[in-house]
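**Q** Just need the structure, nothing else, for what follows:
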Amino acid sequence: MTPRAGCLVALALLTAAAQVASAAPRQVQLVCEAVYQPARSTWTRSVDIRYDDRRIREVAIDGQPVYTFAVRGTVILTSQDNERIQIDTASGSWTSDFRGVASAQGRCERVD
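**A** Numbers count the residues shown, from 1 in each chain. Below you'll find the predicted structure:
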């Protein structure tokens with residue numbers, strides 16, 4: 001291998017490593033204080049959001065990855081154990097509903 005070819009191979013490897021590093025997922029953790037009605041009980045819920053440069057990759061609530069989720073603007077829509085959940089990341093709010101039997105509303109704060 002010539003020195004020029006070696007430099008080209010090294011440059012290609014460095015470029016590939018930089019692309020992998022920039023595509024590495026990042027994570028945001030939210031702590032939400034949700035007040036459930038009609039019982040008026042407050043639950044602390046943790047939300048982990050993993051994302052990269054293009055999209056949200058994974059959402060986990062209380063340490064459990066959700067099966068599926070949708071994103072509409074700044075709102076994440078998902079469900080877990082018959083609870084339909086909406087998390088608005090811009091306003092920092094939690095809204096959920098247990099199929100009409102109980103509902104919850106609360107605020108979310110980012111954990112640094």
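
**Q** ok, what's across the strand from residue 50?
**A** Bridge pairing for residue 50 (DSSP bridges) gives the partners residue 27, residue 58.

**Q** State the distance from it to residue 100.
**A** 31 Å (CB to CB, to the nearest Å). C-beta coordinates here come from the backbone N, C-alpha and C atoms, glycine included.

**Q** Mind checking which of the two has more residues around it?
**A** For residue 50 and residue 100, the more surrounded residue by other CB atoms under 10 Å is residue 50, and the numbers stand at 14 against 7.

**Q** mind listing what the more buried one touches?
**A** 25-27, 56-60 (CB atoms under 8 Å, 6 or more residues apart in numbering).

**Q** what do you get for residue 26?
**A** Neighbours of residue 26 in contact, by CB under 8 Å, 6+ apart: 50-52.

**Q** And residue 28, by the same measure?
**A** 48-49, 51, 110.

**Q** Now the two most distant members of those.
**A** 51 and 110 (13.4 Å; CB to CB).

**Q** can you redo the contacts of residue 26 as a markdown table with distance to residue 68 and pLDDT?
**A** Below are those laid out as a markdown table (distance: CB to CB, whole Å; pLDDT from 0 to 100):
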| residue | distance to residue 68 | pLDDT |
| --- | --- | --- |
| 50 | 15 | 96 |
| 51 | 16 | 94 |
| 52 | 18 | 92 |
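
**Q** Good, we can wrap up now.
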